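>>> Model the following, please.
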Amino acid sequence: MTTIESHASRQREGTCHLLCLPAALLGRIWPVVRVVTGMRVCKQLHSDLSEQARNVFLVKKPETEIDKDIVASDFRRFAHLSVAVFLKWQGRSTGLISLLPLKAALVSLDLSGIPIGAKGAESLVWLLRNCKALVYLDLSFNDIGSDGAGMLSRVIGECKSLAHLDLRFNRVGATGAERLASVVGECKALTHLDMSGNRLGNDGAGAMAEALRQCKLLTHLDLSCDNIGDDGFTRLAMVLGACKTLAYLLLNGNEIGVEGARTLAEVLGSCRALSHLELRLNRFGVEGAGRLAEGLAKCKVLAHLDLNGNGVGAEGAGRLAGGLRACTALQHLDFRFNVLGAGGVGRLAEVLGECSSLACLDLTGNGIGEVGARRLAGALGGCQSLTHLALTDNEIGDDGAGRLAEVLRGCKPLTRLDLSDNRIGLVGAGRLAEVLGYCQALTHLDLLCNEICAEGAGRLAGVLGASKAISCLDLRSCNLGDDGAVKLAEILGLGESNLNSLVHLDLRLNGISAEGARQLAALQGYESLDHNDLHGDAAAAADGSGSGTLARLEIREQRPRQGTVGARCGWRIVI
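The predicted structure follows:
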């Protein structure tokens, strides 16, 4: 079965898909597969397609002028077609008018990533006015600006079936938001609205709030990166409490402070369906965290909480801990870069053990140290559902790594562990190596930027033989040197049984010279090697060949460019 046939077999009857423009290979897929190319055949096509021909695909053909081919194919003639259009056309917007069927029952339109601008938005107005059945509209990254938003406001309100509207990163601004808000409220079926990256400001947020008051079915709202401060969010929050169906609320990268946190806390109790809340990179601070905690205590179904980069500190963490205790459904907690320290993580640890559903915990960049690692380890034993633990940049040292190792033995579901940049040395690596074999579900282990050295690398390499699941091991910048490379090569070369799961081993920035590269290449028996990035003699030395089980090698010595090897087993080492 061809790619087109395979793709067509997965499509619903009664849809016309226009794919992969800048091109024009026109194929009739229903009821039989046929591929036609070029303007001459396109001109013949419209007289040849029967009324039963429902699925028409437009896919890539190089060196053609899309506008001419589309006009020749005369899609607009087929008013009976129910159309779902996905355009990926990095070019002019002038072809839109001739491209889309005039009277077709358009149900889905995706123009994301195409810089159609305000002019292209104006071209869409007449089309959308005839699309009474439109359900899905994606105009993200279209550069339509406030003028384009004004153009769309003429017709959006007429799309009574519209359920999904995506206008991300279009420079809409407050003026454009006000124009759109005047009609968005008329879309009674709207469930998904994404206005992120449009710098709406407080006025724009206030305008959207009035529109959302009418959207009784809204489940997903994204207003991230919109320059919304406390004033704008206060106006918005007054409406959110009435959105009984709201499940996803994303407000990342705004300027929400203490007052905004207080207002949010007041309405969270009314958002009884809220399961996903993202507030990263705002300005809550300690006091805002305390206010927010009051609202979190009312979120009985909250499963995902992102508070990354809000500077809550140890005291704020303590206040939030009280609210998190009531979030019994919590599965994902992102607390990166919040200056928790040992005290803050200790306060969180008091309640984490009670979060039996917690699957992902990210405490990156909080400087918890060895003391904080000990306190956290005491709580992780109760997190029986934990699959992802990230503690990057926390200075836990050998002692902290050892304490964590003790509890990791019991974390059976753990699939990913990130302990990068934590001053872990030989002793800590040894303690980890002793228990990682018990983590039979572990697939990713990240230890970059530690002081593991050659002997520690040898101990960790033993884990690869004991584990049947580890597929990615990151040992970048771990001071391994040639000795570490040799130890790894010796253990990895013991036989195929050690390599049945490992896919990616990253050894960059470890001072591995020509000799170390030679050892890895020779012991693993690589078929071919592109060593463009090795220095001088190292390039000449790494010239392995043979019949080993590993056949893909990327060597990147001390420079960012990379070399590659032919792949037979899909295995990769990066040096």
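>>> what does the average pLDDT come to for stretch 263-274?
In this model, stretch 263-274 has a mean pLDDT of 93.
>>> How about stretch 226-236?
Averaged over stretch 226-236, pLDDT sits at 95.
>>> Need the contact partners of that stretch.
Here stretch 226-236 makes contact (C-beta atoms under 8 Å, 6 or more residues apart in numbering) with 195-206, 208-209, 212, 223, 251, 253-260, 263-264. C-beta: built from backbone N, CA, C; applies to glycine.
>>> So which bits of stretch 216-226 are buried?
For stretch 216-226, a neighbour-count test (16 or more other C-beta atoms under 10 Å) marks L218, T219, H220, L221, D222, L223, S224, C225, D226 as buried.
>>> could those be laid out in TSV, adding distance to L509 and secondary structure?
Shown next, in TSV, are those (distance: C-beta to C-beta, whole Å; DSSP: H, G, I helix; E, B strand; the rest coil):
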residue	distance to L509	secondary structure
L218	48	coil
T219	45	coil
H220	41	strand
L221	42	strand
D222	37	strand
L223	40	coil
S224	34	coil
C225	33	coil
D226	38	coil
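>>> ok, so of these, who is nearest N308?
Closest approach to N308 among these (C-beta to C-beta): S224, at 12.2 Å.
>>> So what does the closest one look like in phi/psi?
Main-chain dihedrals, S224, degrees, to the nearest 10: phi -70, psi 150.
>>> same deal with G484?
Here G484 shows phi and psi, under degrees, to the nearest 10, equal to phi -70, psi -40.
>>> Please report how far V312 lies from R423.
25 Å (C-beta to C-beta, to the nearest Å).
>>> brain fart, C215
According to C-beta to C-beta, C215 and R423 sit 51 Å apart.
>>> So between the two, which is more surrounded?
Applying other C-beta atoms under 10 Å to C215 and R423 shows that C215 carries more neighbours, namely 23 against 17.
>>> what's around the closest residue to the more buried one other than its chain neighbours, how many residues?
Excluding its sequence neighbours, the residue lying closest to C215 (C-beta to C-beta, 6 or more residues apart in numbering) is L190, at 4.9 Å. Per other C-beta under 10 Å, the neighbour tally for L190 reads 25.
>>> my guess is L190 meets A163, correct?
Yes: the pair L190 / A163 is scored as a contact, 6.2 Å apart, by C-beta atoms under 8 Å.
>>> Pull out the buried residues from stretch 427-435.
Within stretch 427-435, the residues scored as buried using 16+ other C-beta under 10 Å are G428, A429, G430, R431, L432, A433, E434, V435.
>>> In helices, which of those residues appear?
In helices, judged by DSSP state H, the following of these are found: G428, A429, G430, R431, L432, A433, E434, V435.
>>> Could you check how far the residue nearest to N338 when sequence neighbours are not counted is from H332?
Spatial nearest neighbour of N338, excluding adjacent residues (C-beta to C-beta, 6+ apart): V312 at 4.8 Å. As defined by C-beta to C-beta, V312 lies at a distance of 17 Å from H332.
>>> So for these two, which sits in the more crowded spot?
V312 (26 against 17).
>>> Regarding stretch 472-489, how distant is the last residue from the first?
From its first residue to its last, stretch 472-489 covers 16 Å (C-alpha to C-alpha, to the nearest Å).
>>> cool, stretch 306-319 as well?
End-to-end distance of stretch 306-319: 16 Å, with C-alpha to C-alpha as the criterion.
>>> Kindly provide the distance from L139 to E186.
18 Å.
>>> Look at these two and report which has more neighbours.
The residue with more neighbours, out of L139 and E186, is L139; 25 against 16, by other C-beta under 10 Å.
>>> hang on, the earlier thing: any idea which of the buried residues of stretch 427-435 is closest to A485?
Checking the buried residues of stretch 427-435 one by one against A485 (C-beta to C-beta), the nearest turns out to be A429, at 15.7 Å.
>>> Run through the strands of the stretch 251-400 of the chain in chain order.
Assigned by DSSP state E, counting those that start in this stretch, the strands in the stretch 251-400 of the chain fall at 276-278, 304-306, 332-334, 360-362, 388-390.
>>> So for L240, which of the ones you listed sits nearest?
Among the strands of the stretch 251-400 of the chain, strand 276-278 sits nearest to L240 (C-beta to C-beta), with 11.1 Å.
>>> Would you give the sheet partners of the closest one, along with the direction of each?
Here strand 276-278 is paired, per DSSP bridges, with strand 248-250 (parallel), strand 304-306 (parallel).
>>> Show residues contacting the first one.
Looking back up the chat, that one is strand 248-250. By C-beta under 8 Å, 6+ apart, strand 248-250 touches 196, 219-224, 240, 271, 274-278.
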